[in-house]
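**Q** Quick one, fold the following:
(chains A, B and C)
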Amino acid sequence: MAEETLLSDDFLRQLMGVGEVDLMVGIPTHNNAQTIGATVAVVEESFRQNFTRDRVVIVNVDGGSRDGTPDEVLKSITETHPSLRGLTSLRTIHRITTRYTGGPSPGGALRSILAAADLVRAKACAVISPQSPGLDTNVVKNLLQPAYRENFDFVAPLYSRHKFEGLLARLVLYPMTRALFGRGIRELHSTDFGFSGKLATQCLGEDVWGEDPVRKSPEIWMVISAIASGLNCGQTFLGPKVQPATTSGTDIVTAIRETVGALFWCLESHQDFWTRVANPEPVPTFGPDHELTTDTVRINRKRIYELFQKGVTDLSPILKTILTDQTRTEVERIAALDERNCRIENQLWVTVVLEFATAYHHNVMNRDHLLQSFVPLYRGRMYSFLAEHHSSTPDEIEKDTEKLCLEFERQKPYLLETWKAK
Amino acid sequence: MKDLIIQGLQQAYQNLVHMISVFLPRLVAMLLIMLAGLFVALLMKYLLRLILRFTQLNRLSEESGASQVLRNAALPTISELLTRSLFWVTWLAFTLVGLSVLGIPELHEQISRLFQLLPEVFVAILILFVGVLAANFLSRAALLAAVNAGFRSPRLWSGSTRFVILILAISMALEQIGLANQTVTSAFSIVFGACMFALAIAFGLGGRDLARQTLERYLGDNRKRDKEKEKEEEPSPL
Amino acid sequence: MATGTDQALWYKDAIIYQLHVRTFYDSNNDGIGDFPGLMQKLDYLQELGINVIWLLPFFPSPLRDDGYDIANYRAIHPNYGTLEDFKAFLAAAHARGIRVIIEMVLNHTSDQHPWFQESRSTRDNPKRDWYVWSDADDRYKGVRIIFLDTELSNWAWDPVSKSYYWHRFFSHQPDLNYDNPEVFEEMWDVMKFWLEIGVDAFRLDAVPYLIERDGTNCENLPETHAVIKKLRKRLDESFPGRMLLAEANQWPADVRAYFGDGDEFHMAFHFPLMPRIFMAVQLEDRKPIIEILEQTPQIPENSQWCTFLRNHDELTLEMVTDIERDYMYDVYARDKTMRLNLGIRRRLAPMMDNDRRRIQLLNLLLMSLPGTPVLYYGDEIGMGDNVYLGDRNGVRTPMQWNGGWNGGFSGADPERLYSPLISNPVFGYQAINVEAQKRSPHSLLYWMKRLIEVRKSSRVFSRGTIEFLQPSNHRVLAYVRQFGTEKVLAVNNLSSSAQAVELDLRNYKGSIPVEMVGRNLFPRIGDLPYLLTLGPYQSFWFRLRRI
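**A** Presented below is the predicted three-dimensional model:
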C-alpha cells in the first residue's frame, strides 16, 4: 500500500509554480475569513518594504474552514491599474493555500508549513497567526531577518506586556527551560515565530507528529529541538503583546495542558540532552529586550486564592500520588493560611513543579489528569506573585524572576535524582 | 447357605474388581489429563506474559488508574492477574474435562452447566473491572474539571459520576450472568429515572433562576461576557 | 516604394537595424565610416534579413553630441560623404527592399547653426524669435534637467546677445521656438527636402519638449501635440506611406498621447518596457514585463510600438522607480563607470556576461512581444563595449567585420580611427567578427538570421494581439499572439535552471502545437493543463494549428 503523503497533488503543483524562495511566511487558519485578508496584506507590504529583491511566498495552511478562508487568501491579489507608474514590486509575491489533513491543530498546520519550506528551500520562514491584532510590517521583518541574515535557526518573539500577564511563562516555562535546557526563551509558546530552512528540514524528519503535545504546541517542541541540536536560538522584539479578541485557548487549564504538558513531554524526549546541560547561556536578542508595563488592571485575587485553597483540599487524594508527602504537607499547610499569609515561596514552588515533572515522566496517572491537577497549585503561586508584586516595579519583578531561575538551577540535581529513580 | 454367601461375596468382589477395572483407567486418564492441563496452563501463562510485556499493558494500566485500584485492593499487577487467571482457567478446563472422563453422569451434567456459566462469569468480571476503571477515570476527570472551573461541590460531581457508572457496571454484570435479570434492570431504571426526575424538578422548580443562569452561561451570548469577566478576574497566562 | 493599403502599414512588419554611418564601414580609409562604405555592406544587411535601416544623425555638426547638434539640415557631414553618396546609398537600399529612416532633430539645433548665429546677433534680428530667449533665467521653474551629469540649468547665458536661451539638452543645443510659425514652416521644408530625395521615415528626436509653458513641466503639452498633428497632416497629404517615429521617453500612458487618434506619430518607442526585460531575466520573474505591458494603453489601429533592447544611448532608467533603478545598477552596472545620467552605458552582450543563452532569450522576447523590433548594429554578432570612452561612445565603436586590420572596418592607421576598436580577448574584433561567424552555422549571427526569418514568416508577431497566460510558475513568461485566425504560443523560461510549467490552454483545445524553428509536432491540446519542460533560458514558439 502506498504511504500516505502529507502533500496533496494540488499543493505540490502550487509549490512547483513557486520554485525556490528566499523567504516564506506560513499562516495557519481555521475559519479566519474576517482577518486573513488584512494579515496577508500586511505580510505582502512587509515584503515590498523590507525584502524588495528577495524571492518570497505566503503559504496558507487551512484546517478545514467553512467560511471561505482560503478564498479570501487568494482574493485580494493586487491588480495592475493602467494609471500606475512602474512596478508595484520587483518580484512576484506568491500566495498559495492548502488544506492539511487530520483536522485543525497547530501541529498539523506547522507540519505542512515545514514541508512547504523544505520543498521550496526557503532560507528563512515565519509563522504568523491570522488573529494577531498587533500585526504590522515590522513584526514580519523582525521574525524573518535574524534567520535570513544572521544565521539564527529559531527566532522566538519578545513582547512588551503588562507585568501581570504571561505569568505561566514567567513562573514555569521560562525559568524551567533556562535551568534545564540552558536557554532562557521568554515566550516559549507563541503563535508568531521564525525559523531557518535548516531547522524546518530537521523537524520535518522527526517522527513525533502524532504525539499529542506536538499536535497542540509544536513550537515548544521545535525550539527545544533546536536547543538540543545545538542550533542558534534568538529572540526578537515585536512590540506590545495584544491579546486576541477571542479567548479560546487562553484560559489557564488549556494553557497548562498545552504548554506545561508540552514542556514535560520535551523533558522526556530530550532527556539525553538536558541531563547533561551545565550552565545556561544567554539568548541573543534583536531589538529592545522585553518590557513590562504597569498600568492598573482589575484582578480578582480573592477568587484566585479561593480556587487554590479549595483545589488543594479537593484534590488531596490525587496530589498524594504525585507529590512527596513532605511537599504535599507543606502545600496543604500554606493553603490553610489566610489570604494575607498565604504565600508559596520559590523553593517550594520549584519543588512542586519538578515533582510534577517527575510524576509525568513516571506515568503515575493519566497525564492529562496530572496536568489538570497542577492548575490549583499554579493558581496558588500566581496568587502569591500578584500579592507580592502588587506595586512592584518592572525591575523588582525581573529580579524576582532571576531568583526563581536560580532556584530551578539549584534544584536540578534533585530532579535528576528523582527522574532516574524507579 | 455358605455357598450363597461365598457366591455373593465372589459376585461382589467381581463387581468391585470390574468397577475398579473400569474406573481405574478412567482415573488414570483423568490424572493424565490434569497433568497435561498443568503443562499447557503453564505454557499459556508464559506465552501470555510475553505478549503482555510486548503490549506494555502495565503502562496502560498505570495511566488509566487500574493499577492504583489493584494496589488498593492488594491485588497483583494486571498482567500478573491475567496470566494467573489464564493459568487457572486453562487448568480448570482440563480438570473438568478429566472429571468428565470419569463417566459419572450427574457430575457430567454439573460440569456442563459450569462450563456454560464460566464464560458469562468471566465477561461479568470483565465488565465490572472495566466499570471500576471507567468510574475511577471519569470521576477523577469530573473532579478535576469541577475544581478548576471553581464549582462549589466538586466532590459531589465526582462522587455522582462514580456512583452512576458503578451502578451501571454492576447492573450490566449481573445481567450478564443472568442473575435476577428483570429485578436488576427494573431497579436500575427506577433509580436512574428517579434521579433524573428529581434533578429536573430541582432545576425546573426549585432552582429556576440558577437553571436560567446556568443555561445562559453555557449556551447564550453571555458566554463572551463571562469570559470577559474571567479575563478581569485572572490575567492571561500566556 | 509601393503604397497600397497594406504597404501603408509597412512599418508594422519592419525589422529595423539601427546604425551610425560613421561606425559601419570606411570606404576611403580616413578612419571614419561613410555612405559609400555603408552601401557596400547592404548585401550583408539584406542577408541578415532586416528590411529597414535607421540612420543616426549624419548632418553637418560640431559633433559635440554625436551629431544631434545639427548645424545644417540639408547636407551631409563631409566625414560621411556627399549628398550624392547618400542618394546612391538610398537607391541601393531601396533596390534591396530596404527602407531608410533618418533622424530629424526638431527640438533644437547646434549653437553653430546659422539660424542661431543670426538669432543671437541682435535682438531685432528676423530670426531672433526662432529660439527661446529670456532676460532672466527664472521662467519655466522646476523643469527637470535631462543631462544631469553635465548641465546645471536649462537656461544658458549667451554673452553675445546678453540674455538667456532655453536648452533642454546640452547648453550648446539651444531649443527652437515652435510658438513661432516660421520655425514650423522651416522645419517642414527641411523634412520635405529629405522626403523628396526618397527617405521613408523620420525619427523625430526629443519631441516631448517642443513647447514650453510656465507653470508646467514643459513636457507633453497640448501645444506640442498640435505641432505634431499639423506635421502629420502635411506628411499624409504630400507623402502618403512615409512614417514618423517618436522618441518620447515617457510612461506608456503618456506616450499614448503621441499617437493621437492615429493622427500624430505612426510609431513610438516603448521605453519603459526595455529595462524591464533586463530586470525580468535577472530576477527570473516575469512580473516586470507583464506589469508594464498591462499598464500600456491600447493604441490606434494604424499605430505601432517600437521595441528594442539596446541602442546608441545609455540604457535609460528614467522611467523606473527608485527601487528598480537601484536593482538595475546593482546587477548590471556595479562599476560606477558604467553609469551615465540615469542609465547604463553598456552593450547587450557584456550585460549578459556573454551568455549566449541569455542573449538569445532576450532577442526572442524582442521578436515575439508586440511592437516593431530594432536591432542595434553589432548586437547580432555580440559585440562588446568600452565604458572608459567618454559619454556614450563606448557603445559606438567600429563594426567588427573580421579579425584583421582594424577589424576590417577601415584601411586607415589604427590611430586615425574615429574611435578605438574593442580589442580585449573576449569581445575584441579578433574574437567577435562577422567573417568568423559567417563561417560557422552555429554562430550567433546565423542564429539571428534564422530568428528574423521565423519572425517574418508570420504577421502574428508584427500585427497580432497578445494574451498573457499566467501559469503558477512565475519564472515562465507565456503568451499567445493572435492575428486573424493565426495563433502563436510563445513560452519563455526566464531562469537559469530547468523549469516545468503547466499552461491553461483550454481556450485552444484541439489545436496542435507546431514548434516554429524545427517544425516538429507537439501533443494536441486537451482539457488538462499542458505540461512543458524548458531548459535554462529556453523558449518555444508554437504555431497552434487546427486540422
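**Q** pretty sure C:Gly378 is touching C:Arg347, no?
**A** Yes. Using C-beta atoms under 8 Å, C:Gly378 is in contact with C:Arg347, at 7.2 Å. Quick note: C-beta positions are derived from backbone N, CA and C, even for glycine.
**Q** any common contacting residues for the two?
**A** Residues within reach of C:Gly378 and of C:Arg347 at once, by C-beta atoms under 8 Å, 6 or more residues apart in numbering or on different chains: there are none.
**Q** per-domain residue ranges of chain B.
**A** Chain B is divided into the following domains under automatic domain parsing: B:28-101, B:104-199, B:207-238.
**Q** could I get the ones you listed as CSV with mean pLDDT and mean neighbour count?
**A** Listed next are the domains of chain B as CSV, based on pLDDT from 0 to 100; neighbours: other C-beta atoms under 10 Å in any protein chain shown:
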stretch, mean pLDDT, mean neighbour count
domain B:28-101, 81, 16
domain B:104-199, 82, 16
domain B:207-238, 65, 14
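**Q** distance of the nearest residue to C:Met399 once chain neighbours are set aside from chain A?
**A** In space, not counting the residues next to it along the chain, C:Met399 is nearest to C:Phe24; the distance is 5.2 Å by C-beta to C-beta, 6 or more residues apart in numbering or on different chains. Distance from C:Phe24 to chain A, counting by C-beta to the nearest C-beta, to the nearest Å: 36 Å.
**Q** What mean pLDDT does whichever strand or helix holds C:Tyr44 get?
**A** According to DSSP states H and E, C:Tyr44 maps onto helix C:42-48. Throughout helix C:42-48, pLDDT has a mean value of 97.
**Q** ok, back up a step: CSV for the domains of chain B, including distance to A:Arg276?
**A** Converted to CSV, these look like this (distance: least, C-beta to C-beta, whole Å):
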stretch, distance to A:Arg276
domain B:28-101, 26
domain B:104-199, 35
domain B:207-238, 29
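**Q** A:Ala156 should be in a helix, yeah?
**A** No. Counting by DSSP: H, G, I helix; E, B strand; the rest coil, A:Ala156 is located in no helix; its state is strand.
**Q** ok, which stretches of the stretch 351-500 of chain C are helices?
**A** C:356-368, C:434-438, C:444-456, C:460-463 (DSSP state H, counting those that start in this stretch).
**Q** Against which helices or strands is the second one packed?
**A** Okay, so that is helix C:434-438. When contacts are defined as 3 or more C-beta pairs under 8 Å, 6 or more residues apart in numbering or on different chains; DSSP states H and E, helix C:434-438 packs onto helix C:444-456.
**Q** what comes into contact with the helix it packs on?
**A** So helix C:444-456 is contacted by C:13, C:15, C:47-50, C:356, C:359-360, C:363-364, C:367-368, C:373, C:375, C:380-382, C:434, C:437-438, C:440, C:461-462, C:516-517, C:541 (C-beta under 8 Å, 6+ apart).
**Q** Report the buried residues of whatever helix or strand A:Ile318 lives in.
**A** Using DSSP H and E, A:Ile318 sits in helix A:316-322. In terms of neighbour count (16 or more other C-beta atoms under 10 Å in any protein chain shown), helix A:316-322 has its buried residues at A:318-319, A:322.
**Q** Could you report the pLDDT at the residue in chain C that chain B sits nearest to?
**A** Nearest residue of chain C to chain B (C-beta to the nearest C-beta) works out as C:Ser472 at 37.8 Å. What the model reports as pLDDT for C:Ser472 is 91.
**Q** For the nearest residue to it once chain neighbours are set aside, which residues are in contact?
**A** Nearest non-adjacent residue to C:Ser472, counting by C-beta to C-beta, 6+ apart: A:Gly17, 2.6 Å away. Counting by C-beta under 8 Å, 6+ apart, A:Gly17 touches A:94, A:96, C:471-474, C:501.
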